[in-house]
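Just to be clear, the model below is a prediction. Sequence and coordinates:
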2 protein chains.
Amino acid sequence: MDTLIPRQVIDDFLSEMEVTDLNRASIRQVLMTVWNAENVTGKEFIHLEMGMPGLPPSAIGVEAQKVALDRGVPSIYPDITGIADLRTQASRFVKAFLNTDIEAKHCTPTCGTMQGTFAAFMLCSQLCPERDTILYIDPGFPVQKMQASVLGLKKASFDLADNRGEKLRDTLEGFLSKGNICCIIYSNPNNPTWMCLTEGELQIIGEMATKYDTVIVEDLAYFTMDFRRDGLGIPWQPPYQATVSRYTDNYMMMLSASKIFSYAGERISVACISDKLYERSFEALRSRYGISRFGAAYAFVMLYTMSSGVTHSVQYAMAAMMKAAVDGKYNFREDIRLYERNTRRIKEIMLKNGFNITYDKDIDEPVGGGFFFTFGYNLPDGTPMEGGQLLHELLYYGVSGIVLSSTGSARQGLRGSSSYIREDQFAVLDERLRLFNEAHKF
Amino acid sequence: MDTLIPRQVIDDFLSEMEVTDLNRASIRQVLMTVWNAENVTGKEFIHLEMGMPGLPPSAIGVEAQKVALDRGVPSIYPDITGIADLRTQASRFVKAFLNTDIEAKHCTPTCGTMQGTFAAFMLCSQLCPERDTILYIDPGFPVQKMQASVLGLKKASFDLADNRGEKLRDTLEGFLSKGNICCIIYSNPNNPTWMCLTEGELQIIGEMATKYDTVIVEDLAYFTMDFRRDGLGIPWQPPYQATVSRYTDNYMMMLSASKIFSYAGERISVACISDKLYERSFEALRSRYGISRFGAAYAFVMLYTMSSGVTHSVQYAMAAMMKAAVDGKYNFREDIRLYERNTRRIKEIMLKNGFNITYDKDIDEPVGGGFFFTFGYNLPDGTPMEGGQLLHELLYYGVSGIVLSSTGSARQGLRGSSSYIREDQFAVLDERLRLFNEAHKF
């Protein structure tokens, strides 16, 4: 039976990219395969593979960045620890939306959370020789595992869905008591399942971090995007975004502009490090670098050697966006709420055409809609189609995603993002999934 | 005797920064010490420590970046391998000014050469397990050594000044024949001495790279800034910038916007990798990442995990600046020629006040003026003042620099940069060095 995209177009390019198994392909490789197929066939794909903001960038950011450009900042190296106004606004932002106190000087910009976690993994793995392993609360963002591979660090992980509530404590205790975990990373809301850690679970994580003296790297890329909870994202009043910062001093929070301000292209986040952790001295750092404090080593050793700081003009954009949000003049959460609506519509289309939601429960309630979701397809015998195969077959029908195996999940399915779909594409998606289902349901 | 800046102001801050020996201080730590002293005393320093462009940023870059911002690129993740126009312009730039052929797809932007070399060091050190050492042709840029420390890589080095001409071949052969060198890094013109490798020396380096199959990382941060040579920097005609790319296929060239276009704040360079090296497959990369080609691993593994690519709007600035230069519409070399004139004036003031030029010879001619220079001070007994002490004492007189030991030099002296001095500061420098000399000459 003919497919929408000739099989050869997909298969030849994958082989040119040396991809023999989509379970092992990176998001970027999937994307390039899709771009190539689009070029060759002239048929636009439904891009569910990347978490790419489909909204225009924050106008407040763009304006502030242009003003900075006109003031001549491109010729001046940025301060490695960030321009003063950005540090101040980040500190206010953390107080206004998380109710957490962090001094301005402990908020440091990074070239996106990608750089933020790379630097954090390097630093945490150098604090103590026995601690050479990163613990991932999965499913997660595949590239954060690739970072460990690049750095030659060991990985450990477990699936959050199977370890909710009090069970989380036993599971963490099991890993941490071995003494080899240098840091724990997770995103909340969870990429890709959109499960959300509760305050109770975060308290457990925090208590374990304190008990076993390990660092929590809390990735808040999807800040306030648990859209089931009303009232998040209003400055200076509860409810506040859930965070581990209430329960331990051993944390760094990564606040990215990519999704909440639709500023992904400009590569900026702020690493907000707890006041105590930032100022804490480590002998291993002192002897290796002549700088003993955690936060100083993060900035002056890691971020410095990785890129000499963050693009100067973009720091002004970030400061302005944070300030406007904190001052109540920029309701960023309303803008990005579109992703929730789009996710709901995509899920309806999927269910209608024989697909299912792989991770559908968040403890005892349904997962909410947000930036990412998970989906799978059952074979006629009721077993799920293997994830790599599902993606491969879906590419023939002009729909992309990434395989859940790459997120650390043992479940068979794909990750999709609702962020980049246009209004006119919902009907196209419906038709393509219908064709797919027709071809596979018997 | 009183100093211009109270000793306590300098000493207290150094101790707060945990700096006990300026030989071990980073450039950023020196800079912060100076900023603090300026804040406390209200006295502006003569900033010789950082290579910070004192010129306004290229107007062509600023304009192109603003247009890109208005077109909405901040919301869109940049292609990891760079926007198409930047790759095209970089390829043209390399042909027009170096007479070297590199395909556009082998030119990849990085967040400054800082990221470019960090990624190159990681990649080169992962090609073959025995090759775990970086060979530095010194003196050099201190942070490139710090990068090796951060990555846990070994370092080897020799002083170029003692190994010129044919002697370079024997020295390189001595290092490379051990089989542990994964790459060789140098900048040309040399930071900090401004010695310039000749085409003959580059031929030796290239031949050795081929013979021992090691990668050359050629840092062209000061592209065309050998101002003794007329006619450099005119597109499509000789003379061309000296480069190793004529003599081996094992090279990557780093072309930074920081100095030549005064765009240091925005963090962009282009890594131009030889066509053959980019496409060459390595089994170690295939088994570790499922990507075997050198250039693909550089982009899709190293640069991807370090920052998810380079700030999107800045890529448009870089493309526009390169295009204007290649099209003969932007004579960037005339703008930066100011650095040569400033260096000449600073050296005159130094010589007049008892200082000397530490590295004053380039084989058989005097070193030229450029972005950096080296200087020292002889004690009454004719021996040079130790470099760390010289910097420490000079800070008391409101003049900064960095110690040559941090550049891998065994000579006692400092590195200075002429890039940030203003017209009204030459007289101030003269007066401060006079006071220093008065206090030390007996």
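Received, thanks. Numbers count the residues shown, from 1 in each chain, chains lettered A, B, ... in the order given.

Summarise which helices and strands the helix or strand bottoming out on mean pLDDT in chain A is packed against.
Least confident helix or strand of chain A, by mean pLDDT, DSSP states H and E, is helix A:27-41 with a mean of 92. When contacts are defined as 3 or more Cβ pairs under 8 Å, 6 or more residues apart in numbering or on different chains; DSSP states H and E, helix A:27-41 packs onto helix A:7-16, helix A:387-395. C-beta: built from backbone N, CA, C; applies to glycine.

elements contacting the helix or strand just after it?
Later in the chain than helix A:27-41, the nearest helix or strand by DSSP states H and E is helix A:59-70. For helix A:59-70, the elements it packs on are helix A:312-326, helix B:59-70, judged by 3+ Cβ pairs under 8 Å, 6+ apart.

Buried residues, the very next helix or strand once past helix A:59-70. List them.
Next helix or strand after helix A:59-70 toward the C-terminus (DSSP H and E): helix A:84-98. By neighbour count on 16 or more other Cβ atoms under 10 Å in any protein chain shown, the buried set for helix A:84-98 is A:85-98.

Does helix A:84-98 reach chain B?
No - residues of helix A:84-98 are not located near chain B by Cβ under 8 Å from any Cβ of the partner chain, the shortest gap being 11.6 Å.

hmm, who's touching that helix?
For helix A:84-98, contacts defined as Cβ atoms under 8 Å, 6 or more residues apart in numbering or on different chains pick out A:81-82, A:100-109, A:223-224, A:232-233, A:235-236, A:240-241, A:243, A:245, A:253, A:255, A:270, A:272, A:315-316, A:318-319, A:322-323, A:325-326.

Apply 7 Å and report the result again.
Contacts to helix A:84-98, defined as Cβ atoms under 7 Å, 6 or more residues apart in numbering or on different chains, come from residues A:100-105, A:107, A:109, A:233, A:235-236, A:240-241, A:243, A:245, A:255, A:270, A:272, A:315, A:318-319, A:322-323, A:325-326.

Over to stretch A:27-40?
With Cβ under 7 Å, 6+ apart, stretch A:27-40 has contacts from A:5, A:9-10, A:13-14, A:17, A:19, A:44-45, A:47, A:49-50, A:142, A:395, A:400, A:402, B:80, B:300, B:304.

contacting residues for the residue nearest to the spatial centre of chain A?
The residue lying closest to the centre of chain A (Cα atoms, centre = their mean) is A:Ala221, at 5.1 Å. A:Ala221 is in contact with A:Thr113, A:Ser187, A:Asn191, A:Ser256, A:Ser258, A:Lys259, counting by Cβ under 7 Å, 6+ apart.

repeat that for 8 Å
A:Thr113, A:Ser187, A:Asn191, A:Met254, A:Ser256, A:Ser258, A:Lys259.

how many other residues sit next to the nearest residue to the second one once chain neighbours are set aside?
Translated: A:Ser187. The spatially closest residue to A:Ser187, leaving aside those adjacent along the chain, is A:Asp219, at 3.9 Å (Cβ to Cβ, 6 or more residues apart in numbering or on different chains). By the criterion of other Cβ atoms under 10 Å in any protein chain shown, A:Asp219 has 25 neighbours.

Over to A:Thr358?
A:Thr358: 23 neighbours (other Cβ under 10 Å).

ok so it is a strand residue?
No - if the criterion is DSSP: H, G, I helix; E, B strand; the rest coil, then A:Thr358 is coil and not within a strand.

Leaving out the residues flanking it, which one is nearest to it?
A:Gly413 is the one closest to A:Thr358 (Cβ to Cβ, 6+ apart), at 3.5 Å.

Likewise for A:Pro53?
A:Pro53's closest residue in space is A:Ser262 (Cβ to Cβ, 6+ apart), at 3.9 Å.

where does the one you found fall, phi/psi-wise?
phi 50, psi 50 (degrees, to the nearest 10).

For it, give me its contacts.
Contacts of A:Ser262 (Cβ under 8 Å, 6+ apart): A:Pro53, A:Leu55, A:Pro56, A:Pro57, A:Ser58, A:Asp335, A:Ile336, B:Pro74, B:Ser75.

Where do the domain boundaries of chain A fall?
A:7-44+A:337-440, A:59-330 (automatic domain parsing).

out of these, deepest packed?
domain A:59-330 (a mean of 22; mean count of other Cβ atoms under 10 Å in any protein chain shown).

The least confident helix or strand of chain A vs helix A:7-16, what angle?
140 degrees (axes from the mean of the first three to the mean of the last three Cα atoms, to 10 degrees).

Fine by me, we can end here.
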